[in-house]
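Colleague: Could you work out the structure for the sequence below:
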Amino acid sequence: MDKYFRQWTTAYQTQVWSLARFLLKDSAEAEDVVQEAFIRLWQHRETLSEARVKPWLLRVTRNMCLDRLRRERPEADTAPDDLAGGEEPLEQMERSREGRKLHAAVLGLDEPYRSLVIMRDVQQHSYEDVAATLDLSLPQVKTYLHRARKTLRDQLMELRP
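Modeller: Numbering: from 1, shown residues only. Reported below is the predicted structural model:
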């Protein structure tokens, strides 16, 4: 079973960290959550089937992030850590501004819409993986995702000059 745990860690560490980082907006907190999530995976490794590991791990990570966000402050929105390289400063600034608006709009969505957008549109998980992770049916995922995208579109249209 230890061999499987190493395989799971290697296969899913980037996805788990990316989800935690996006939800928490803080690399250090995301690392803490990822470590806790993999500790829980270690503790439950005997009871999980291989097909259920990824959705289980993403659900645990998401829930731990949401718990942290509930316990902590609603903090002022911060910009992403880095800008795309190789662009002119004006292009970087505009890209950063648009990125912050989109990032803030996504973070402003209620659950489960926020997690749906992050998992499906940002991280590009399959609809089936998203449904399993969030414990929703496939039609629910598609309906909620449609609503979330419409809400984002409406919010971003309001922000346009």
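Colleague: quick one: the strands in this structure?
Modeller: With DSSP state E, there are no strands along the chain.
Colleague: Tell me, please, where in it the pLDDT is lower than the cut-off.
Modeller: Regions of the chain meeting the criterion pLDDT under 70 cover residues 1, 73-95, 160-161.
Colleague: Got the domain ranges for it?
Modeller: 1-72, 88-161 (automatic domain parsing).
Colleague: Need these in a markdown table (columns: mean neighbour count).
Modeller: In this view, the C-beta of every residue, glycine as well, is placed from N, C-alpha and C. As requested, the domains of the chain are exported to a markdown table (neighbours: other C-beta atoms under 10 Å):
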| stretch | mean neighbour count |
| --- | --- |
| domain 1-72 | 16 |
| domain 88-161 | 15 |
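Colleague: how near is Ala148 to Ala51?
Modeller: From Ala148 across to Ala51, the span is 27 Å (C-beta to C-beta, to the nearest Å).
Colleague: likewise Glu111?
Modeller: Distance of Glu111 to Ala51, computed by C-beta to C-beta: 25 Å.
Colleague: Next: Arg71.
Modeller: Plainly put, Arg71 is 32 Å away from Ala51 if you go by C-beta to C-beta.
Colleague: And Val16, by the same measure?
Modeller: Counting by C-beta to C-beta, the gap from Val16 to Ala51 is 17 Å.
Colleague: Need the nearest residue in space to the residue nearest in space to the middle of the chain, chain neighbours excluded.
Modeller: Geometric centre of the chain, nearest residue: Leu19, 3.0 Å, by C-alpha atoms, centre = their mean. Leaving aside its sequence neighbours, Leu19 sits nearest to Thr61 (C-beta to C-beta, 6 or more residues apart in numbering; 5.5 Å).
Colleague: Equivalent analysis for Val106, please.
Modeller: Among residues not flanking Val106 along the chain, Val117 sits closest, at 5.5 Å (C-beta to C-beta, 6+ apart).
Colleague: if I look at the nearest residue to Glu50 once chain neighbours are set aside, how far off is Ala11?
Modeller: Excluding the flanking residues, the one nearest Glu50 by C-beta to C-beta, 6+ apart is Tyr4, at 6.9 Å. Distance of Tyr4 to Ala11, given as C-beta to C-beta: 10 Å.
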